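Asks: build me a model from this:
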Amino acid sequence: MKKLLISSKARNKVLTEGQVLIICGPTATGKTGLALKLAKKLKGEIVSADSRQVYQGMDIATGKDLPIKTKFKMKNLGLEGQNFKIGYYEVDGVKLWLYDIVRPDYFFNVADWVKCAHLVIKDIHQRGQLPILVGGTGFYLKALIEEIPTKDIPPNWWLRKGLELKSTKVLFEELAELDSSRAGQMNVSDRQNKRRLIRAIEIARWRVEHRSEKTLPSVQFENLMIGLKAPLKFLYQKINQRVEAHFKNGAEKEIKKLIKQGFSWNLPSMSALGYREWQPRFEGQASLVEVLTRWQFDEHAYARRQMTWFKKNKKIKWFDISRKGWENKLEKELVVWYTRKNV
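Replies: The predicted model follows:
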């Protein structure tokens, strides 16, 4: 990327609270690499919005891609004693936040991430820096910048485990008993979607048990959303190369270490993409080739789901990384937004 056409006056101005830059899109599109370049030019700091990268000791398969010997630096932001470890890594002078928040056996959820993200963004703003949110977990970003009444309702993993054994017909009937209004709003597709039905039941039960509690509204942020995309064939090649690189860098050893430390395959963290594919291998039921092939296919499917999610947001400014000159077009879009707010 060439030198950004942003005046020194604008770059040196303290940003107004609430302004954030968001870089989103499917896996393997180079979001973090772009964010690092922009952070150096815009007095920025990176805030990870990735549901897999929050776990400590889960580095290679999640693609944290931190340089060797990069040290984690703790920062007191007021969450001590609440299972969270907040701090940052520094890469080429740029701070990267919200990696390694919790242990793999903590049942992390979107409300946890939003709580941590608010504190980190506030700290970044207070130091006159630009928060650059980077990630492919669309629901995290949506929960941060929009009002989602259910985001503070935590997952009930034991309830989910029991509900998974039931058919969609039984689940819908159970939901109708708990919340007839929500059941009535569901279309045919929703009624056949076990994941949505289970979450709806989970929410309905939580509300019955916590009638006196109210969820907190989201903080409104002035934001620019940049999306990186590519044709599927191009993207699949990138994903395959990335998976192969993770394996060569020691993904299998990392998982062996986690298992040895006592982290079960039943944990949400260990059922994440890049980890669950290895269970048959460790149980002697799959070859290495089968694991890597399954991992690549699962990443392909995940990328498609990410694009389906992000395409619903009409505010995202999209840039195709397979086309020449995409960075120059992105720069022009960024200059207009940045200078409008800071000159």
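Asks: next SSE downstream of the helix or strand harbouring Ala200?
Replies: Here Ala200 sits within helix 194-209, counting by DSSP states H and E. Later in the chain than helix 194-209, the nearest helix or strand by DSSP H and E is strand 222-229.
Asks: show me where pLDDT drops low in the stretch 101-250 of the chain?
Replies: 147-149, 151, 181, 208, 210-220 (pLDDT under 70).
Asks: where along it do the helices fall?
Replies: 110-126, 138-145, 157-163, 168-178, 180-185, 188-191, 194-209, 232-248 (DSSP state H, counting those that start in this stretch).
Asks: and the contacts of the third one?
Replies: Going back to what we said before, that points to helix 157-163. Phe107, Leu171, Leu197, Ile198, Ile201, Glu202, Arg205, Pro268 (Cβ atoms under 8 Å, 6 or more residues apart in numbering). C-beta here means a position set from N, CA and C on the backbone, and glycine is covered the same way.
Asks: wait, isn't the second one in contact with Arg196?
Replies: Pointing back at Leu171 there. No. When contacts are counted by Cβ atoms under 8 Å, Leu171 is not listed as touching Arg196 (9.4 Å).
Asks: most tightly packed of the helices of the stretch 101-250 of the chain?
Replies: Mean neighbours per residue, mean count of other Cβ atoms under 10 Å, is largest over the helices of the stretch 101-250 of the chain for helix 138-145, with a mean of 21.
Asks: report the distance from that one to the chain centre.
Replies: The chain centre lies 9 Å from the centre of helix 138-145; the measure is Cα atoms, centre = their mean, to the nearest Å.
Asks: could you export the helices of the stretch 101-250 of the chain as JSON lines, including distance to Gly78?
Replies: Shown next, in JSON lines, are the helices of the stretch 101-250 of the chain (distance: least, Cβ to Cβ, whole Å):
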{"stretch": "helix 110-126", "distance to Gly78": "7"}
{"stretch": "helix 138-145", "distance to Gly78": "18"}
{"stretch": "helix 157-163", "distance to Gly78": "27"}
{"stretch": "helix 168-178", "distance to Gly78": "36"}
{"stretch": "helix 180-185", "distance to Gly78": "35"}
{"stretch": "helix 188-191", "distance to Gly78": "39"}
{"stretch": "helix 194-209", "distance to Gly78": "26"}
{"stretch": "helix 232-248", "distance to Gly78": "34"}
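Asks: out of those, flag the one nearest Leu36.
Replies: helix 110-126 (15.4 Å; Cβ to Cβ).
Asks: that closest one packs against which elements?
Replies: Packing contacts for helix 110-126, counted by 3 or more Cβ pairs under 8 Å, 6 or more residues apart in numbering; DSSP states H and E, involve strand 44-48, strand 130-135, helix 138-145.
Asks: that helix vs strand 130-135, what angle?
Replies: For helix 110-126 against strand 130-135, the angle by axes from the mean of the first three to the mean of the last three Cα atoms, to 10 degrees is 150 degrees.
Asks: go ahead and produce CSV holding the CA coordinates of helix 110-126.
Replies: Extracted C-alpha coordinates of helix 110-126, given in CSV (Å, rounded to 0.1, in the frame of the first residue of the first chain):
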residue,chain,number,x,y,z
VAL,A,110,-20.5,-12.7,22.8
ALA,A,111,-21.5,-10.7,25.9
ASP,A,112,-18.0,-11.4,27.3
TRP,A,113,-16.3,-10.2,24.2
VAL,A,114,-18.4,-7.0,24.0
LYS,A,115,-17.6,-6.2,27.6
CYS,A,116,-13.9,-6.6,26.9
ALA,A,117,-14.0,-4.7,23.6
HIS,A,118,-15.8,-1.7,25.2
LEU,A,119,-13.0,-1.4,27.8
VAL,A,120,-10.2,-1.8,25.3
ILE,A,121,-11.8,0.7,22.8
LYS,A,122,-12.3,3.2,25.6
ASP,A,123,-8.6,2.9,26.6
ILE,A,124,-7.5,3.3,23.0
HIS,A,125,-9.6,6.4,22.5
GLN,A,126,-8.3,7.9,25.7
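Asks: out of the helices of the stretch 101-250 of the chain, nearest to Lys257?
Replies: Nearest to Lys257, of the helices of the stretch 101-250 of the chain and by Cβ to Cβ, is helix 232-248 at 14.8 Å.
Asks: that closest one: what's the following helix or strand?
Replies: helix 251-260.
Asks: hang on, the earlier thing: looking at the helices and strands packed on helix 110-126, which is nearest to Val102?
Replies: Closest among the helices and strands packed on helix 110-126, once you apply Cβ to Cβ, is strand 44-48, at 13.0 Å.
Asks: the closest one packs against which elements?
Replies: Against strand 44-48 (3+ Cβ pairs under 8 Å, 6+ apart) you get helix 31-41, strand 94-97, helix 110-126, strand 130-135.
Asks: so which residue is dead centre in this protein?
Replies: Nearest to the mean C-alpha position of the chain, counting by Cα atoms, centre = their mean, stands Asp50 at 2.3 Å.
Asks: can you pull the domain assignment for this structure?
Replies: Annotated domains of the chain cover 8-148+218-342, 157-209 [automatic domain parsing].
Asks: of all those, which gets the most neighbours per residue?
Replies: domain 8-148+218-342 (a mean of 17).
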